[in-house]
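# Structure for the following, please:
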Amino acid sequence: MVYDDGRDLKSVVGEEIYRRCVEAMADRGMPEIAVRLFKPWTVTTMLSVPPAETGEFLGFYLYRLAVQKGIEVIGLETVQEQLDVFDGMPETDQVALLVDTLNNLDQLPMLNQQLLEAYLQRDLRKLAELSNQSLSLSDEALGYQIKQRVVDDRNRRIAKRLEPLMYEGGLFAAVGALHLPGEAGLLVLLREQGFSVDLVY
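Okay, the predicted model is just below:
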């Protein structure tokens, strides 16, 4: 998430963009001394998610619940694989995505609220539409690449790793809701593997 090669964020993105990063991150309680060494994708991801209100995240909650009940927890991705989704992007694309995020900061709270409402309504189609809408704020080709890296490529990896676990039975798998819909979504991929998929209320 940070540079370890002697460079810093300012040297990569330039003075103007760096200053905008510092100001935006200050609104999140992040001091410049921390921002200085972040890579562009790190700032982008931090600015793209709503500020935590409770410090409680669903993934952590489910993990703690499993540990308390003595249930084995298996990761469907490694931390390195998740980091590589962004860290493996060309630096020029990281900077372009950062600039796009800075240019659209005022729209992010409304978009995040719409995503939350669609999630609570279990409306996967709306979730996918909103996700695509957020990507269309940037360069179309870059938006397509981001969707491939962040969603579609990971879906294929997750589906492949889920298959043998599903055959063992007794599995509870938790993934982000945006991994479910679409032709490259997990629901379709699991059906293609021969599993039946039903909505349970």
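
# Would you mind finding the longest helix in this protein?
The longest helix of the chain (DSSP state H) is helix 153-168.

# can you list contacts of that helix?
Contacts to helix 153-168, defined as CB atoms under 8 Å, 6 or more residues apart in numbering, come from residues 74, 76-77, 81, 85, 171, 173, 175, 179, 184-186, 189-190, 193, 195. For glycine as for every other residue, the C-beta is placed from the backbone atoms N, C-alpha and C.

# Just the ones of those residues in helices?
The helices, defined by DSSP H, take in Glu81, Val85, Leu186, Leu189, Leu190 from those.

# Who are the contact partners of the last one?
In other words, Leu190. Ala159, Leu162, Met166, Val197.

# go on, the second one?
Contact partners of Val85, counting by CB under 8 Å, 6+ apart, are Arg149, Val150, Asp153, Arg154.

# pretty sure the first one contacts Met89?
Going back to what we said before, that points to Arg149. Yes - counting by CB atoms under 8 Å, Met89 is a contact partner of Arg149 at 7.0 Å.

# So for those two, which residue has more residues nearby?
Met89 (20 against 16; other CB atoms under 10 Å).

# Next, format the contacts of Val85 as TSV and append pLDDT and distance to Asp4.
Listed next are the contacts of Val85 as TSV, based on pLDDT from 0 to 100; distance: CB to CB, whole Å:
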residue	pLDDT	distance to Asp4
Arg149	90	22
Val150	90	24
Asp153	95	26
Arg154	96	25
